[in-house]
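# return atomic coordinates for the entry below.
(chains A and B)
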There are 2 protein chains.
Amino acid sequence: MSKYKISPFAPKTFPTLPPLAGFDMATAEAGVKYKGRTDLWVLRAQAGTQVAGVFTQNLCPGAPVEWSRKALETDTDGPRIVVVNSGTANVFGGQKSRDAVVETAQGIAAQFGCSAKSVFLASTGVIGEPLDASKVVAKFPEIKNRLDGDGWEGAARAIMTTDTHAKGATATAEIDGVQIRVNGIAKGSGMIAPDMATMLSFVATDAKISQPVLQDLLSELTQTTFNAITVDSDTSTSDTLLLLASGRAEHEQITSLSDPRLAGFKSALRDVLHDLAMQVIKDGEGITKFVTIKASGAVSDISAKKVCMSIANSPLVKTAIAGEDANWGRVVMAVGKAGEPAERDKLSIWMGPHLLAQRGQVASDYTEEVGAAYMKQDEILIRVDLGLGDGEATVYTCDLTHGYIEINADYRS
Amino acid sequence: MSKYKISPFAPKTFPTLPPLAGFDMATAEAGVKYKGRTDLWVLRAQAGTQVAGVFTQNLCPGAPVEWSRKALETDTDGPRIVVVNSGTANVFGGQKSRDAVVETAQGIAAQFGCSAKSVFLASTGVIGEPLDASKVVAKFPEIKNRLDGDGWEGAARAIMTTDTHAKGATATAEIDGVQIRVNGIAKGSGMIAPDMATMLSFVATDAKISQPVLQDLLSELTQTTFNAITVDSDTSTSDTLLLLASGRAEHEQITSLSDPRLAGFKSALRDVLHDLAMQVIKDGEGITKFVTIKASGAVSDISAKKVCMSIANSPLVKTAIAGEDANWGRVVMAVGKAGEPAERDKLSIWMGPHLLAQRGQVASDYTEEVGAAYMKQDEILIRVDLGLGDGEATVYTCDLTHGYIEINADYRS
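Numbering: from 1, shown residues only, chains lettered A, B, ... in the order given. Have a look, this model is predicted:
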C-alpha cells in the first residue's frame, strides 16, 4: 500500500477485530489526494455513546482538532459520528479549512439526522492544503448505504498516510461477568512526539462507563502509551485520540474511577493503547531498530521521562543505534542536555543486559566487543540509572536512518 | 584532512591571522587517537592577560570543563596557558579523566613555571575514553622549544575532529587611536546546540580590558553568535569558548562596559565570534544548505529565539530543506510545537523574498513553482512573523541529510 519499504517490525497479519455492539462504519474512495485507495472513513456510534478524547498540544492545531475539541464538550441525545480523511490534514488553510470542517460536519449530520456539533472530525496528510469538502460530502450517501459493523481493518487502511501497514489491536475483559471488548486502530509514522504522540487513533468499546471516568482513564493511560513514544520529536498539528463507549454491554454503568469493577477494563484498554502505540513507533519512518529507553533513579517520574525523551530524541544517539555503535558517550551527552538533575559520577548505563558505564566511567568488565554484538539486535534497550531518587519512566523510539531522510526529503513530491 | 567531503560552504583559504603581542603557541603530534596529524595545541599568554570564558550548559560536563571553570576563577601573576587536545573529549572517564586533567595541567605548569591552577584545558573527540595524559605531557618540552607567535592556522588544524576545514577569523579596531586586533579559531561540526553552541573556540586580543568587562562582553555576544547556531540540537559536554586579552596594546585600560571607547572593540569581537560561528554551522555534519531562521512579532526576544530553535531543530523542516521542498506546513508545525505564544491565524511565513503563508493560509499570489525555484539556492532564509509583539531573533542552522547519517552512524568505527 505504501511506496516505502514495509517496516521490518510490521505484524504479519492484521488482528481480527470483531464487530462491537453499537458501532458500524464504512470507507470510501473520495479522491482527496490519493488515487486508487480509500481515504475516507465514517464511524457511527449509536445514541448513548460516551466519548473521551485527547488532542495535540501543538499551539497551531488544525481546524478539525478545534472542531472535535468543541464536539467533545457538546452533549447529544443522538448518535455520535466520526469522519476521518487522509490526504490532507486540513491545517493552515485559513477560512477555507474552517469552512471545509463545517461543510463536512453538516453534510454527515444531514445524512444521519444528528447535530453537526456532535460530529467528530479528523484529517491527516499534508499541512497547508485545505480539504475540498465537496469530495467527502459526495460520498456520504454511499457510505450510509454500506454501514457495517465489520470494517475495522478497512478503516485502519483508509486513514494511513506514510504508514507502511495498517494498525489495529483488540482486547477483552469482564465487567460483572459480562465480556466486554476494546477495539482500536491508529495511524502515524512520522511527526510523532508527545503530546499527543500519534497522529490519529480511534478506540471503541461496548462497555458502559460514564464520560468523566472514560476521560480520566484515557488521559492517564495515554501518558505511558501514546505520549511515551517519539520518532523525531516533531509534534503534529492533528493528533487526535478518541475513545468511544457504546454502553451496549449488559452490565451496570460504572461511574467512579475507584470502582473495583474497572480493573479489567482498564487493563484491556491499556493493552490496546500500548499495542497501537508500539505499532506506530515500530512503523517509525525509516526504522531499522526498535528502541526502548528506561530511566531510573531520577528525582521524579516526570524528570525521568524528560531524560528518556532527551535520549530518545537525540540525533546522535539515534544515528549511533542505526550504525550499531554502542556509543554510550552520546547517552551521557543526552542525559546532560535534558536539563534535569543529573550527576555525571552517579550515572550508570546499560545496553540490554550489559552494564557499560558505572558511576561516571566505563564498567570494569565491559568490552567493546560485547557492546558491538548486542547492538546487532533488532530491538535495543538502553537503561540509565541516575542514582538520585526513585523516579522512573520508559519511552519508546526508533533509530534515525537514511530511510527517514528519503521519506521526508521527498514527501510532497 | 577530514575523511568526509569538504563542506560546500568551506572558505577557499584560511584567513591571515597575524601574531598578537603577548601570545605564542605551538602544536604537536601527540598521537592521542589520530595518526599522522597534529592533535595538541598549547597557547601561552604572557603575565597580565585577562581571561573570560563561556562553557557548556550540559549537566554532565567533561573533566576539562570542570577544571577550566575553576581556572577562570583563579587569579595569577604569572602567564596563562591553554592546552587543547583532539581525539578524545576526556569525558566520563571517571577518576582516570580527572587524573589526566591534573597530570596535564601540572605537566605544562612545570615547563612554564606557572601555577597548574591557572592553566586552561580543553579536549574534544569521543566521549568515554579517558585521555592518556602521558602522551600529551611527553610533548611539552618539544612544544616549549617551538613556541611562536605565528601559528593560528596550525592551531585551528590541531583541534579539528569531524570538521572538514580549519576555522579562523580576525578583525581590527582602534582604541584611543591605537590599533588592536582580535584573532579567533574554532572547531565543531556536530553536537552543536546552545548553550554553548560550539565545541571549542579560542579568541585572543592585545586589547587592554579588565576581566569583568571582557566577561560581560563575551557573555552578551555569545547569545547572538555561538548560542544562535544549531546543527542537531545535541549539546556537547565539552563546549568551551575562551577570550584572552593580553593588554599589550598601548592604550589606557578599559574598566567599564559603558566606556564609549569599547564600541570598536565590541564590534570587532562580534565580527570574529559571528564569523567563527557561521564557519562552524556551515561545516555542519552533512550540510548541503545553510539556513537562516528569523522570527519577528513574538511576545519577546527570548520567545522568538525559542520559536527559531524549534524550527531549526525540527527533523521534518531540516529534511524538507534537504529535499528542496518549500514545505511551509512543517514550519507551522514547528512554530506550534515550540510551546511559545502563537496564533495560527496571525502567522505569516516567508522563504527568502517570497511570502508563502499569511494570516493562517497560503498567500494569494504564491505558487509552488516560486517556492520550488527558491529552494534550489544554497543559502535559505525562513522568516516567520507571529503577529503578537515586537520580539525577534535569528538562528542559523543547516539541513539534515544522508551525509549526517553517514558521519554519525560510523563515527567510532
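# use CA for all of it now, contacts and neighbours both
OK.
# ok, now how distant is residue A:295 from residue A:336?
Taking CA to CA, to the nearest Å as the measure, residue A:295 falls 13 Å from residue A:336.
# any idea how far stretch A:124-134 is from the chain center?
From the chain centre to the centre of stretch A:124-134 is a distance of 21 Å (CA atoms, centre = their mean, to the nearest Å).
# likewise stretch A:384-393?
Relative to the mean C-alpha coordinate of its chain, stretch A:384-393 is positioned 26 Å out (CA atoms, centre = their mean).
# ok, residues contacting it?
Applying CA atoms under 8 Å, 6 or more residues apart in numbering or on different chains, the contact partners of stretch A:384-393 are A:294-305, A:308, A:342-343, A:346-350.
# try stretch A:173-180
Contacts to stretch A:173-180, defined as CA under 8 Å, 6+ apart, come from residues A:172, A:181, A:205-207, A:249-252, A:261-262, A:264-265, A:267-268.
# of these, which belong to helices?
Counting by DSSP state H, the members of these that fall within helices are A:262, A:264-265, A:267-268.
# name the member of the residues you listed with the most neighbours.
residue A:265 (23 neighbours; other CA atoms under 10 Å in any protein chain shown).
# so where do the strands sit in the stretch 101-250 of chain A?
In the stretch 101-250 of chain A, the strands defined using DSSP state E, counting those that start in this stretch lie at A:120-126, A:167-175, A:178-187, A:200-205, A:229-230, A:240-245.
# and those, which is most packed in?
Per-stretch averages of neighbours, counted by mean count of other CA atoms under 10 Å in any protein chain shown, single out strand A:229-230 among those, with a mean of 32.
# so in that sheet, which strands flank it, and in what orientation?
strand A:391-398 (parallel) (DSSP bridges).
# on the pLDDT front, check the residue lying farthest from the centre of chain A for me.
Within chain A, residue A:364 marks the point farthest from the mean C-alpha position, 40.7 Å out by CA atoms, centre = their mean. Residue A:364 is assigned a predicted lDDT (pLDDT) of 87.
# could you measure it against chain B, distance?
To chain B, residue A:364 is 11 Å away according to CA to the nearest CA, to the nearest Å.
# which residues does the helix or strand harbouring residue A:336 contact?
Element membership of residue A:336 [criterion: DSSP states H and E] is helix A:328-337. Contacts of helix A:328-337 with the rest of the structure, by CA under 8 Å, 6+ apart, involve A:307-308, A:310-311, A:314, A:316-317, A:342, A:344, A:349, A:356-357, B:57-61, B:92, B:126-128, B:234-237.
# let's see that with 6 Å instead.
The set of residues external to helix A:328-337 that reach it, using CA atoms under 6 Å, 6 or more residues apart in numbering or on different chains, is A:307, A:310-311, A:317, B:58-60, B:127-128, B:235, B:237.
# and it with strand B:120-126, angle?
120 degrees (axes from the mean of the first three to the mean of the last three CA atoms, to 10 degrees).
# show me what contacts the spatially closest residue to residue A:346 that is not a sequence neighbour?
Sequence neighbours aside, residue A:359 is the residue nearest to residue A:346 in space, at 4.4 Å (criterion: CA to CA, 6 or more residues apart in numbering or on different chains). Applying CA under 6 Å, 6+ apart, one finds that residue A:359 lies in contact with A:345-348.
# give me the buried subset of those.
With neighbours counted by 16 or more other CA atoms under 10 Å in any protein chain shown, these contain buried members at A:345, A:347-348.
# from the residues you listed, which land in strands?
Within the buried ones among the contacts of residue A:359, membership in strands is found for residue A:348, as judged by DSSP state E.
# which of the buried ones among the contacts of residue A:359 lies closest to residue B:274?
Relative to residue B:274, the closest of the buried ones among the contacts of residue A:359 is residue A:345; by CA to CA it sits at 35.1 Å.
# name the nearest residue to the closest one, sequence neighbours excluded.
Leaving out its chain neighbours, residue A:345 is closest to residue A:360 (CA to CA, 6+ apart), at 4.0 Å.
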